[in-house]
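1. predicted structure and sequence below. I'll ask about it afterward.
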Amino acid sequence: MRLLTVIDEYSRECLAIRAVRSLRSADVIEALVELMVYRGVPDHIRSDNGPEFTAQAVHEWLGRVGARTL
């Protein structure tokens, strides 16, 4: 079981929690798209550098939407 948890660093608000058997880069992108529709594109995203976040697909997508990773 893998958990994807998205937390706003400033407010400490939990924005999303997803529990899945296998977390893929497509799952990360899907969750972030849903959040960005409601909250807008953040300036940056900080992650634990798990393989689903370091995947080239995620980096390319973040570049296209204008967010950067820390």
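-> Nice, thanks for sending it over.
2. assess the claim that residue 26 and residue 61 are in contact.
-> No. Here residue 26 lies out of contact with residue 61, judged by CB atoms under 8 Å, at a distance of 9.8 Å. Where C-beta positions appear, they are placed from N, C-alpha and C, glycine not excepted.
3. just want to know which of those two has more residues nearby.
-> A count of neighbours by other CB atoms under 10 Å puts residue 61 above the other of residue 26 and residue 61, at 17 against 13.
4. and that one, what does it touch?
-> Remark: with contacts taken as CB atoms under 8 Å, 6 or more residues apart in numbering, residue 61 is in contact with residue 29.
5. need the per-residue pLDDT for it.
-> pLDDT recorded at residue 61 is 97.
6. name the helix or strand for it, please.
-> helix 56-65 (DSSP states H and E).
7. for residue 15, same thing?
-> strand 14-20.
8. figure out how far that strand is from the centre of its chain.
-> Put simply, strand 14-20 sits 10 Å off its chain's centre (CA atoms, centre = their mean, to the nearest Å).
9. can you show me the CA trace of the lengthiest helix in the chain as PDB?
-> The helix that spans the most residues within the chain, counting by DSSP state H, is helix 25-39. Extracted in PDB, the C-alpha atoms of helix 25-39 (Å, rounded to 0.1, in the frame of the first residue of the first chain):
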ATOM      1  CA  SER A  25       3.900   9.000 -12.000                       C
ATOM      2  CA  ALA A  26       0.600   9.200 -13.800                       C
ATOM      3  CA  ASP A  27      -1.200   9.000 -10.400                       C
ATOM      4  CA  VAL A  28       0.900  11.900  -9.100                       C
ATOM      5  CA  ILE A  29       0.100  14.000 -12.200                       C
ATOM      6  CA  GLU A  30      -3.600  13.200 -11.900                       C
ATOM      7  CA  ALA A  31      -3.700  14.200  -8.300                       C
ATOM      8  CA  LEU A  32      -1.800  17.400  -8.900                       C
ATOM      9  CA  VAL A  33      -4.000  18.300 -11.900                       C
ATOM     10  CA  GLU A  34      -7.100  18.000  -9.800                       C
ATOM     11  CA  LEU A  35      -5.600  20.200  -7.100                       C
ATOM     12  CA  MET A  36      -4.300  22.800  -9.500                       C
ATOM     13  CA  VAL A  37      -7.800  23.200 -11.100                       C
ATOM     14  CA  TYR A  38      -9.100  24.300  -7.700                       C
ATOM     15  CA  ARG A  39      -6.000  25.900  -6.100                       C
END
